[in-house]
Structure formats: structure tokens, C-alpha cells
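>>> Mind folding the following:
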Amino acid sequence: MKEILYRLFEHQHLDREEAKTILTNMAEGKYNEAQIAAFVTVYLMRSITVDELIGFREALLEMRVPVELSEYNPIDIVGTGGDNHNTFNISTLSCFVVAGAGYKVAKHGNYGATSVSGASNVMEQHGVKFTNNNDQLRRSIEETNIAYLHAPLFNLALKTVAPVRKSLQVRSFFNVLGPLVNPIQPKRNLLGVFNLKMARLYYYLYQQAGTDFSIVHSLDGYDEISLTSDFKVIDKTGEQMYTPESLGFERVPQSALDGGNTPEDAAKIFDNVLNNCATAAQKNTVVINSAFAIRTICPELLLEECINKAKTSIESESALNVLKKFVALNS
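The predicted structure is shown next:
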């Protein structure tokens, strides 16, 4: 590792095989926490290359615990994280709204590394017990429309680096990798990114994989559609810029999306949204992200129809009922 670090400090890059080997060694415990921290920190000072990202991804996918849910053709809704805005759990809420609208979801998530509450934090707040048992996950998606895949249970490398990521509390290339290593490799994805350079990288990878995708980015730096600014959506048909107002929503202040200071705070917001008693800003942000996920699944639908489906999922308590069934089944 010492030689690798010296090369990286001199602004050299890894080829695909080198990147793959390093992540494999990391998973096998061949590096100590200081070495892992130094390696991760390199990518705070420069962008990850396509070859490095593909190599890291190949290593993680080869080591993953296999799961077979492809017959359901589910969507994953995820943000890269690391946007330093500490929002409430917008992507995870959107998963339940989309499931409540009748679509299958396979959510790949983890504990928050750069925010108070990641997807796994809010799931634990509801008493969910994580599993990598294929039969249990299949039953969950069959009966509730959603399966939750807690990342460290499916990949040793993610478990190995978790303490380092939590200690550093800064964005790392693992934020970039997370959306790419869902163990079921879904063919449908709604992905939020924290900058447009990252959007281009994912666009290239999704095009190569032949998946149905929507990449979203709010221009003031959110890794989701925040309704705090204009936002861009990139899919197989090209790029489109939107304003909140053009879709019938009011622009909201950034403070309206804060996730609080504790996982308990975030869980309260989570429940308020699904109980349809959240603020308009909180509800509408979840609705618009859910709507673009639905349109990713059903591109033939008008965006207005997708928005109405998302609103109905909340207002009819369908999304809330999905959560109740999901928690009962997975606790």
C-alpha cells in the first residue's frame, strides 16, 4: 500500500486491475485503518477516473453476497450522499411512496457517513432487522413491494471501511460506488448526484450497462431534487432542465429540508411525511423525487400523471401501509 499511496500522492492514477486488487485486499483485511483513511483521502483531492471506478466496482460485485430478485425488475432510488446538506431521508421515503403506488423497489442503503441519518439509520429507528437471506428479501418485495438491502451485509469491503468512513465524516469514493454496487444490479435506477461532473460519469456507466435510469441534480448542490433551486434530469433521451414552478411546486428554503440533529429527529420527519402531516416543503420534495422514479419505470406516462400517482400514494395512506407491512415483516 505504501507504494500505491506514494504514486497517488504524485497525482498518478490506478488502472482498472490495480483498483480492483486494492479493493479486494481491503476487504480481506490486508490494510490497516490508517492506510485505508489515507487512500480514501486521496479522492477528496482529485476526482476518481472511470477506470478506477470500474475496477473498484468490479471488485465489490465479485465479492458480493448473491441475491436474485430480477424477476420483479425493481427500481433503486438512491443519492450519492456527501452533499453536506444533512437533508431528511428523501430517497428512502420515495422508495415507500413508489412502492405504495404499486411498483417494486429494491433499496440498497447504509448508515449515514456524512449525514445524521442514512437509510439504514431510519430503518433501524423503525425496528427493522437487516438480512441478506434471499427468501426473506423475496417475501418482502412480494408482499410489500419493497426489499431493503443493508450494504455491509452484502459486501465485506463495505463493512471493513465503515468505521473509517464514519470517523472521517467526509465524502469519499464510496459515496460514488454505493449506487453502483446494489447486489441485485437493478435495471432501473433513480440516482441523485451532488455535482454535474459526477452525473456525466454515471451517465456513461449506465449507458454501458443498458439500464433505465434518471440522474437528478439540483443546481445548488443537492444530490436529489430539492425544490430549492432549478434542477437537471438526465436520462436515456437526454438532459432536461426544470424549475420547481414549472411543475407546479413552490421553491423552498434550504432550511426546510434539514434532517435534524439525531436519527430520532429524521425518523419523526419520515413518519410525518407518510402520515401526510409533514410540511408542504417536505411532502413536495418527496413527491417530486417519487414522480421521476415512477417516470423512469413508466416513461410513457406524462410527468403530471407521475406526480399525481406519488401524491395519491401518500394521501391515500398506501405508502404508510407499505411501511407498516414492511416493518411487521422485517422486524
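
>>> and the longest helix for the chain?
For the chain, the helix reaching the highest residue count under DSSP state H is reported as helix 280-297.

>>> Tell me which other helices or strands that helix touches.
If you count contacts as 3 or more C-beta pairs under 8 Å, 6 or more residues apart in numbering; DSSP states H and E, helix 280-297 packs onto strand 75-79, helix 90-100, strand 188-192, strand 212-218, helix 263-274, helix 303-315. Where C-beta positions appear, they are placed from N, C-alpha and C, glycine not excepted.

>>> now the angle between strand 75-79 and the second one, please.
So that's helix 90-100. Angle of helix 90-100 versus strand 75-79, following axes from the mean of the first three to the mean of the last three C-alpha atoms, to 10 degrees, is 160 degrees.

>>> quick one: helix 90-100 to chain centroid distance?
12 Å (C-alpha atoms, centre = their mean, to the nearest Å).

>>> mean confidence for that helix?
When pLDDT is averaged over helix 90-100, the result is 97.

>>> Next SSE downstream of it?
Using DSSP states H and E, the helix or strand that follows helix 90-100 towards the C-terminus is strand 105-109.

>>> Any idea how many residues pack against R188?
20 (other C-beta atoms under 10 Å).

>>> So which bits of the lowest-mean-pLDDT helix or strand in the chain are buried?
Comparing helices and strands within the chain by mean pLDDT, DSSP states H and E singles out helix 156-168 as the least confident, with a mean of 73. Residues of helix 156-168 classed as buried: L156, A157, L158, T160, V161, A162, V164, R165, L168 (neighbour count, 16 or more other C-beta atoms under 10 Å).

>>> ok, now how distant is L23 from A157?
Between L23 and A157 the distance, using C-beta to C-beta, to the nearest Å, works out to 6 Å.

>>> shared neighbours of those two, which are they?
Common neighbours of L23 and A157 are listed as A59, L60 (criterion: C-beta atoms under 8 Å, 6 or more residues apart in numbering).

>>> list the contacts for L190?
The neighbours of L190, taking C-beta under 8 Å, 6+ apart as the test, are I75, D76, I77, V78, S94, F213, S214, V216, N289, F292, A293, T296.

>>> need the helices and strands packed on helix 280-297 in JSON lines with distance to L247, can you?
Written out in JSON lines, the entries for the helices and strands packed on helix 280-297 read as follows (distance: least, C-beta to C-beta, whole Å):
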{"stretch": "strand 75-79", "distance to L247": "18"}
{"stretch": "helix 90-100", "distance to L247": "15"}
{"stretch": "strand 188-192", "distance to L247": "16"}
{"stretch": "strand 212-218", "distance to L247": "13"}
{"stretch": "helix 263-274", "distance to L247": "19"}
{"stretch": "helix 303-315", "distance to L247": "7"}
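
>>> you'd agree A267 is up against H126?
Yes: with contact taken as C-beta atoms under 8 Å, A267 and H126 are classed as touching, separated by 6.8 Å.

>>> For the residue most central in space within the chain, give the beta-bridge partners.
Computing the C-alpha centroid of the chain and ranking residues by C-alpha atoms, centre = their mean puts V78 first, at 2.1 Å. Per DSSP bridges, residues listed as beta-bridge partners of V78: L191.

>>> how much space between L69 and A151?
With distances defined as C-beta to C-beta, the gap from L69 to A151 amounts to 16 Å.

>>> Pick out whichever of those two has more residues nearby.
A151 (26 against 21).

>>> Apart from its neighbours in sequence, what residue is nearest that one?
In space, A151 comes closest to N110 once its chain neighbours are excluded; the distance is 4.3 Å by C-beta to C-beta, 6 or more residues apart in numbering.

>>> related to what we said a few turns ago, okay, A267 and H126: which has more neighbours?
Residue environment comparison for A267 versus H126 gives the larger neighbour count to A267, 21 against 15, counting by other C-beta under 10 Å.

>>> ok, the more buried one - contacts?
For A267, the set of contacting residues under the criterion of C-beta under 8 Å, 6+ apart consists of S117, V122, Q125, H126.

>>> of those residues, closest to V193?
S117 (19.7 Å; C-beta to C-beta).

>>> So the closest one: helix, strand or coil?
The local conformation at S117, judged by DSSP: H, G, I helix; E, B strand; the rest coil, is coil.

>>> For the residue nearest to the centre of the chain, which residues are in contact?
Each residue near V78 by C-beta under 8 Å, 6+ apart is listed here: S91, K107, H108, G109, G178, P179, N182, N189, L190, L191, G192.

>>> which among the residues you listed end up buried?
So, by 16+ other C-beta under 10 Å, the buried ones in the contacts of V78 are S91, K107, H108, G109, G178, P179, N182, N189, L190, L191, G192.

>>> The third one and Y242: what is the separation?
By that I understand H108. Distance check for H108 against Y242: by C-beta to C-beta, it reads 26 Å.

>>> And for the last one?
G192 sits at a distance of 14 Å from Y242 (criterion: C-beta to C-beta).

>>> Verify the stated contact: the residue nearest to A151 with F154.
No: checked against C-beta under 8 Å, the pair N110 and F154 is beyond contact range at 10.3 Å.

>>> Much appreciated, bye for now.
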